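Colleague: make a model of this:
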Amino acid sequence: MAVVALWVVMVVAWCSGRAQQILSPNGQLTQHNSAANRFLSLFSVVRFKNSECVGEGGLTGICYTNQDCSIGGGTSSGDCADGFGVCCVTRVGCGETSSNNCSYVESPGYPSTFDYPLTCTHTVTFAPDVCQIRMDVERVELTPPTNAGNCEDDTLTFSQDRKWTSVCGTTTASHFYLDVDPSVSSSLTLTFITSSTTFPRRWRIKLCQIGCDQLSMAPTGCGQYYTTASGSIKGWNHEGIYLSGQNYAICVRKELDHCSTTYLDNQQFMFMPMCGDTFEYPFPVISNPSRSVACNTAITLISAMPLTMPLEGPHYFYLTTTTDTTNDHSSSFNLNYLFTQNPC
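Modeller: Here you go, the predicted model:
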């Protein structure tokens, strides 16, 4: 995290009004007017971190100087750092770019919807010490996928990382991580393509950069990373069927002094993808024989939800779905769980 330093300089002239005798190098005494040549300079340094702040309208901003905020493409939204900085909120529209630590990418006229064909790119640039981008999805509303989970009318794609071939459908109040490699490219572009199909579309996603040495980094390969004792695990298009072309881990960190986790379905049935796709749990869920990898066939669950399982370390779930157009996802549900870690 960068630190801003402001130099406040005060120069004070000290005029004594008296001449002063100074011994010169040749041994002669000379007169020196201290009123013209004697100064006292005081330097004061104000430092503050580029930490998160809350701007107008409840949007998350970053504390910058007003100049740095403008250079990165943001706008001032209140003060921070005792008035030495501004809460810089960055909203990136179609075709725009930002270099600020956190930015919001938004559809035209958000929160209003639109209904017309569009190709819209949002780009964020980052420094060589950035390894991840966290995406906090406030709302993405695009046309739903086909019954095979493929995005054909509307798509969201990412220029770096391939955890998701493309995204569509409706997703709210969820988060995802993208692994980025500055040696490949120092920017990440989100591309939304909408079709002529009639549908009310809109989106807003907060993108925050994570440095390679920050503790908030998710383990490599984790498309979602949960660092609280309770929460909701929701995939893309969680209000509909699950998408094809996914390959990522869902990682739940073990919190201090917690020894088990209870998982509860936030829908009618436990999530089981269609065969040809796999979802691996961090514990056995199927008997005869006992295993943790399952697909939607005639299976016998060890136990119905809620499931309470020991927690000796992080829990990792693995989701892999193909782009097979014949695999009908409409008879399956999507990833949508509640979890609570229980104290020891």
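Colleague: residues near the nearest residue to Pro117 once chain neighbours are set aside, how many?
Modeller: In this structure, Pro117 finds its nearest non-sequential neighbour in Ser196, 5.0 Å apart by CB to CB, 6 or more residues apart in numbering. For every residue, glycine as well, the C-beta is placed using N, CA and C. If you count neighbours by other CB atoms under 10 Å, Ser196 ends up with 9.
Colleague: now Ser196: how far from Thr119?
Modeller: 13 Å (CB to CB, to the nearest Å).
Colleague: just the element for the residue nearest to Pro117, please.
Modeller: Using DSSP states H and E, Ser196 sits in no helix or strand.
Colleague: hmm, Cys63 is touching Asp82, no?
Modeller: No. If you go by CB atoms under 8 Å, Cys63 and Asp82 don't touch, sitting 10.4 Å apart.
Colleague: neighbours around Ser187, how many?
Modeller: 14.
Colleague: partners of it in the sheet?
Modeller: Beta bridges link Ser187 to Thr125, judged by DSSP bridges.
Colleague: and Ser166, how many neighbours does it have?
Modeller: Ser166, neighbours per other CB under 10 Å, totals 22.
Colleague: going forward can the numbers begin at 34, since that is how I track them
Modeller: Renumbered: residue one is now 34, and that last one reads Ser199.
Colleague: what's the spacing between it and Phe304?
Modeller: 21 Å.
Colleague: tell me where the stretch 84-233 of the chain has strands.
Modeller: Secondary structure of the stretch 84-233 of the chain (DSSP state E, counting those that start in this stretch): strands at 85-87, 93-97, 108-113, 118-122, 124-125, 129-131, 135-139, 151-158, 163-174, 188-191, 203-212, 220-227.
Colleague: Throw these into TSV and include distance to Tyr281, thanks.
Modeller: Below are these laid out as TSV (distance: least, CB to CB, whole Å):
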stretch	distance to Tyr281
strand 85-87	26
strand 93-97	24
strand 108-113	33
strand 118-122	29
strand 124-125	24
strand 129-131	25
strand 135-139	20
strand 151-158	20
strand 163-174	13
strand 188-191	12
strand 203-212	8
strand 220-227	16
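Colleague: do you know which of those strands lies nearest Phe312?
Modeller: strand 203-212 (16.7 Å; CB to CB).
Colleague: which other helices and strands contact that closest one?
Modeller: strand 163-174, strand 255-259, strand 263-267 (3 or more CB pairs under 8 Å, 6 or more residues apart in numbering; DSSP states H and E).
Colleague: rewinding a little: higher neighbour count, Cys96 and Asp115?
Modeller: Cys96 (23 against 8).
Colleague: excluding sequence neighbours, find me the nearest residue to that one.
Modeller: Per CB to CB, 6+ apart, closest to Cys96 is Cys113, 4.0 Å.
Colleague: tell me the contacts of the one you found?
Modeller: 81, 86, 94, 96, 119-120 (CB atoms under 8 Å, 6 or more residues apart in numbering).
Colleague: beta-bridge partners for it, please?
Modeller: Applying DSSP bridges, one finds that Cys113 bridges with Gly118.
Colleague: give me the low-pLDDT residue ranges for the stretch 184-333 of the chain?
Modeller: 301-302, 318-333 (pLDDT under 70).
Colleague: any idea how far Phe209 is from the spatially most central residue of the chain?
Modeller: In the chain, the residue lying closest to the centroid (CA atoms, centre = their mean) is Arg167, at 1.9 Å. Distance, Arg167 to Phe209, by CB to CB: 8 Å.
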